[in-house]
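A.B. asks: Below: sequence and its predicted model.
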Amino acid sequence: MKIIATPLRTFVAGILMTTTTTTTHAMEGMDGVGFAAEGTATLLNTLPGNLEIIGAHLHTGSSNVNGPVAIIFCGGPQLPDILGINGLCDNLENQVVTGDTNSADWISTTSKGAWDDGGNTATAAANATTLADGAATTYSAFMTALDECTSDMCDVYFNLHTNYSFSVNPGVGLARGQLEPTDCPDDKPDGMKCFGATVTSENTNEVPGVMPLADNAGEVTPISGDVLVTYMGMDHDDSVDSDVADPDTSTTSTTTTATNGDSAASKYNSWLSGVTSVITATTFANWLLL
């Protein structure tokens, strides 16, 4: 194992973080909706763009669907602007290179909900009518799904995106895993909820209809213990929901409108159509080489 004591911008293109000092994080400096996350991202360095983290979110949906974004930890190009409202994925520390993999600790002490700016509706699965199938949600429906998570079943998952995964499946992500409730460490405040997850590219490859990623393309593991995601926030109620119907009680949803008059969903679909037409031939060629 070789520890690299160089600025982290050598790990992720465009990263501004240059610290290489180990820092202990309590995942307690949360704002907005009260979620935080941290984990060690281990990424295959032989895949073009795979060391460039471009998004990390919580989604709703079962393990076999590409569901809508609910909580945004970070985001940036190539993902659309509506998924970048909480800043870039540049809070990385402690780079380690081991053969054909790079790892670094990724940390997000803040988060934002994806409802008010239309990101949730825009990224929902087409024609889905239930939360488990990938329909748009409300904050209240999301929190209810989170409260109902068990070690055996959860319709909320963590998802990490890289430029490599974007080139293969725009919007699907590199590594994902359904959340699992876990005990919080003793140093966490009373009332905090903690969740673990097995976040791997193999889980992404299990989603029907996706172009297969390279074997062992990436994973995210807790930095310490079993905790990947924490929640310490307000009691959930409909007062924080945007104008989107609950998918569990309606087969239709109201589209959240962007400030320029175009619907967020229309803008997202236009963006997705554009990038897909550009990369389809290259993606297929890359897939044949895997």
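C.D. replies: Received it, and whenever you're ready, just let me know what you need.
A.B. asks: Test of understanding: give the bridge partners of residue 40.
C.D. replies: With DSSP bridges as the criterion, residue 40 is bridged to residue 105, residue 221.
A.B. asks: quick one: it and residue 218 touch, right?
C.D. replies: No. Assessed by CB atoms under 8 Å, residue 40 is found out of contact with residue 218, at 10.9 Å. From N, CA and C alone the C-beta is placed, and that goes for glycine too.
A.B. asks: Looking at these two, which one has more neighbours?
C.D. replies: In this view residue 40 and residue 218 are compared by other CB atoms under 10 Å, and residue 218 has more residues nearby, 30 against 18.
A.B. asks: quick one: the helices in the stretch 151-290 of the chain?
C.D. replies: Assigned by DSSP state H, counting those that start in this stretch, the helices in the stretch 151-290 of the chain fall at 163-168, 201-205, 264-289.
A.B. asks: what's the least confident stretch among these?
C.D. replies: When those are compared on average pLDDT, helix 264-289 comes out lowest at a mean of 44.
A.B. asks: Next, the distance between the ends of stretch 148-166.
C.D. replies: End-to-end distance for stretch 148-166: 31 Å, by CA to CA, to the nearest Å.
A.B. asks: residues of it that come out buried?
C.D. replies: Buried residues in stretch 148-166, counted by 16 or more other CB atoms under 10 Å: 149, 154-166.
A.B. asks: what does stretch 77-84 give?
C.D. replies: Residues 78, 79, 80, 82, 83, 84 are the ones in stretch 77-84 that count as buried (16+ other CB under 10 Å).
A.B. asks: all strands of the stretch 151-290 of the chain, in order?
C.D. replies: Using DSSP state E, counting those that start in this stretch, the strands of the stretch 151-290 of the chain run over residues 156-162, 175-182, 193-197, 199-200, 218-221, 229-231.
A.B. asks: ok so, going back, ok, so of the buried residues of stretch 148-166, who is nearest residue 172?
C.D. replies: residue 165 (6.7 Å; CB to CB).
A.B. asks: which ones are touching the closest residue to that closest one other than its chain neighbours?
C.D. replies: Among residues not flanking residue 165 along the chain, residue 174 sits closest, at 3.6 Å (CB to CB, 6 or more residues apart in numbering). Applying CB atoms under 8 Å, 6 or more residues apart in numbering to residue 174 gives the contacts 43, 50, 160, 161, 162, 164, 165, 201, 204, 213, 217, 218.
A.B. asks: what's across from residue 180 in the sheet?
C.D. replies: Applying DSSP bridges, one finds that residue 180 bridges with residue 196.
A.B. asks: and it, how many neighbours?
C.D. replies: Other residues close to residue 180 by other CB under 10 Å number 20.
A.B. asks: Starting from residue 104, give me the distance back to it.
C.D. replies: When distance is defined by CB to CB, to the nearest Å, residue 180 is 24 Å away from residue 104.
A.B. asks: circling back to that earlier point, now the strands of the stretch 151-290 of the chain in CSV, with distance to residue 60 and mean pLDDT?
C.D. replies: As requested, the strands of the stretch 151-290 of the chain are exported to CSV (distance: least, CB to CB, whole Å; pLDDT from 0 to 100):
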stretch, distance to residue 60, mean pLDDT
strand 156-162, 6, 98
strand 175-182, 11, 98
strand 193-197, 14, 97
strand 199-200, 16, 98
strand 218-221, 18, 98
strand 229-231, 14, 97
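A.B. asks: and those strands as TSV, adding distance to residue 142?
C.D. replies: Below are the strands of the stretch 151-290 of the chain laid out as TSV (distance: least, CB to CB, whole Å):
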stretch	distance to residue 142
strand 156-162	7
strand 175-182	12
strand 193-197	13
strand 199-200	19
strand 218-221	21
strand 229-231	11
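A.B. asks: Widest-spaced pair of the buried residues of stretch 148-166?
C.D. replies: So, the buried residues of stretch 148-166 by CB to CB: farthest apart are 149 and 163, at 30.2 Å.
A.B. asks: For residue 119, which non-adjacent residue is closest in space?
C.D. replies: Sequence neighbours aside, residue 82 is the residue nearest to residue 119 in space, at 4.3 Å (criterion: CB to CB, 6+ apart).
A.B. asks: so that neighbour touches residue 120, yeah?
C.D. replies: No. Residue 82 is not in contact with residue 120 according to CB under 8 Å; the separation is 9.4 Å.
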